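Participant: coordinates for the following, if possible.
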Amino acid sequence: MPLRDEWCDLARKLDWSFSYAEERQVFPEALSGSPWLPAQEWRDWDEPFRSTYAEYVSTQQRKEVSFQAIAEAVGRIEDVSKLDPGWLSVVKLHMATLPLAEFAAVIGNLRAARFGRDSAWRMTSLLGALDELRHTQLPLRAMHDLVRWDEQFEWTHRLFHSDDWVAVAGRHLVDELLLGSDAIEFAIGTHFVFETGFTNLQFIGLTAMAKQVGDRLFEQMLQSIQTDEARHAQIGHPVLKKLVQKDPARAQRLVDKWFWRSFRFFAVVTGFAMDYLTPLHARRASFKEFVEEWVVDQFQSSLSELGLALPKYWQAFLEALPIYHHMLYASAYTYRATTWFDFVLPGPKERAWLAEKYPQTWPELEPVWHNIEERWRAAGPGVEWFTHGTTPVAFCNLCQLVLCAGTPCRNSAVFVDKPGRRYVFCSEPCRELFEAEPERYAAHRGVVERILAGQAPANLLELVRYFGLSEASWGRDVVSGHYDFLKRGGQP
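Facilitator: All right, here's what the predicted structure looks like:
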């Protein structure tokens, strides 16, 4: 029998000719991607892992056994209940945004497994689809038994089936990137931008923090997923390399768009976790420092290697990096009942840490938290609705996140007037992306549009119920204002 290295490449690069259909019919441009190139143009496509199906199954089986052992040992209610309450919100946030987004990635990879232009690309995408299905199942399985202890864990499955504002923003990104893109855009947006760069924040940065907190289950899950991501993330680079050769302008546009859209998403999912919800002793670095290490340096070197420029919105990204997620967190804290996880009020020690990590921007943010502290002092502990507004906030018509970019002193919202409608955006990059492809975005109804159309209530309490939240599951302050550092009613 031939040795593995003697037949593997032959099997991976095995393709066929068509006798009863044209190649363009088998691989239509709308699904395979633009520019459309004949098969021989893709023959040099390659990726470094070269996994066989048998090797894949064997490796995944070992990882499953390892994860199941950890889950049985430290994944019980009595184990999870001992964790820091702020960290539990990290778990709830990530477990809700992860599984059904991964399931959408199953579909995206399966479409690439059919419409990718090289047989090795299609095979790697097929294994990628199996990866993403496993990533869907891991959090659903791990969090299932915790629902009877804390209803917020039910949002591991519920989030993307709801109309919560985070779900609306998440679906807006996920549907376009994973379900609505052709094979080329999917490979570049998902594998090159989203997975190669930004998911390292999750699977390396948060893994280190989970270890410090003592959450072995979360740590093991992220490690188990990361090894899969590292393999099928390799799809993006050779696809982008080919696109740079044939249509460099489109290659640059796709990198520009998905870099900005990915940053906006991770500002919520990872920014909240690293700078606010993780207990101070477990913070290995700030969100900004992790992004600089795992995104900035990597993207600069990868794009330079391919002959591409930095993303068009690079400067806007650098300016937003030290402040945008802080603005989002303060906004979400104020309207915390609109989410399924709890929030931490940063105390003097946490704010000193943030001031050290963000010396240029924190002086503008400090008064925001001082005002929130004063509201807690005036109201006393337990008065959750005191710090909430009574009406909903506005959202960006591109990223669908709260209109809170800029700084506390300077809002960066911009407008575009179209016949019969005004669109509002949190930033110039979001406005430009909208105007570049209005057919993709103009008809979408966000939270505010639903309220104006009578599809959703304008009253905040009723809107929270429209989001699918109940009193048992909506977000609160983790200790409902019972902080030792707060002096209430003028008393020490």
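Participant: how distant is the longest helix along the chain from the center of its chain?
Facilitator: When the chain is parsed with DSSP state H, its longest helix is helix 119-144. Here helix 119-144 is found 17 Å from its chain centre; the criterion is C-alpha atoms, centre = their mean, to the nearest Å.
Participant: ok, now how distant is Phe482 from Asp215?
Facilitator: You called it Phe, but residue 482 is His. Going from His482 to Asp215 by C-beta to C-beta, to the nearest Å gives 23 Å. C-beta: built from backbone N, CA, C; applies to glycine.
Participant: and stretch 63-78, average pLDDT?
Facilitator: Mean pLDDT, stretch 63-78: 90.
Participant: got the buried residues for it?
Facilitator: Lys63, Phe67, Ile70, Ala71, Val74, Gly75 (16 or more other C-beta atoms under 10 Å).
Participant: and stretch 317-337, by the same measure?
Facilitator: 317, 319-337.
Participant: ok, His482 and Asp215, which is more surrounded?
Facilitator: With neighbours defined as other C-beta atoms under 10 Å, His482 and Asp215 compare such that Asp215 has more, 27 against 12.
Participant: His326 and Leu10, how far apart?
Facilitator: From His326 to Leu10 the distance is 54 Å (C-beta to C-beta).
Participant: circling back to that earlier point, for Leu254, state which of the buried residues of stretch 63-78 is nearest.
Facilitator: Lys63 (31.7 Å; C-beta to C-beta).
Participant: need the contact list for the closest one.
Facilitator: Lys63 sits next to Ser224, Thr227 when contact means C-beta atoms under 8 Å, 6 or more residues apart in numbering.
Participant: what strand or helix carries it?
Facilitator: For Lys63, the host element (DSSP states H and E) is helix 53-74.
Participant: report the angle between the axes of that helix and helix 119-144?
Facilitator: 10 degrees (axes from the mean of the first three to the mean of the last three C-alpha atoms, to 10 degrees).
Participant: just how off-centre is helix 53-74 within its chain?
Facilitator: 25 Å.
Participant: keeping just the C-alphas, turn that helix into PDB.
Facilitator: This file holds the C-alpha atoms of helix 53-74, laid out as PDB (Å, rounded to 0.1, in the frame of the first residue of the first chain):
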ATOM      1  CA  TYR A  53     -10.400  12.500   6.600                       C
ATOM      2  CA  ALA A  54      -9.100   9.600   8.700                       C
ATOM      3  CA  GLU A  55      -6.600  11.800  10.400                       C
ATOM      4  CA  TYR A  56      -9.300  14.400  11.000                       C
ATOM      5  CA  VAL A  57     -11.600  11.900  12.700                       C
ATOM      6  CA  SER A  58      -8.900  10.500  14.900                       C
ATOM      7  CA  THR A  59      -7.800  14.000  16.100                       C
ATOM      8  CA  GLN A  60     -11.300  15.200  16.800                       C
ATOM      9  CA  GLN A  61     -12.100  12.000  18.700                       C
ATOM     10  CA  ARG A  62      -9.200  12.600  21.000                       C
ATOM     11  CA  LYS A  63     -10.300  16.200  21.600                       C
ATOM     12  CA  GLU A  64     -13.900  15.200  22.300                       C
ATOM     13  CA  VAL A  65     -12.800  12.700  24.900                       C
ATOM     14  CA  SER A  66     -10.600  15.300  26.500                       C
ATOM     15  CA  PHE A  67     -13.300  17.900  26.600                       C
ATOM     16  CA  GLN A  68     -15.900  15.500  27.900                       C
ATOM     17  CA  ALA A  69     -13.600  14.500  30.800                       C
ATOM     18  CA  ILE A  70     -13.100  18.100  31.800                       C
ATOM     19  CA  ALA A  71     -16.900  18.800  31.500                       C
ATOM     20  CA  GLU A  72     -17.700  15.800  33.800                       C
ATOM     21  CA  ALA A  73     -15.000  16.800  36.300                       C
ATOM     22  CA  VAL A  74     -15.600  20.600  36.600                       C
END
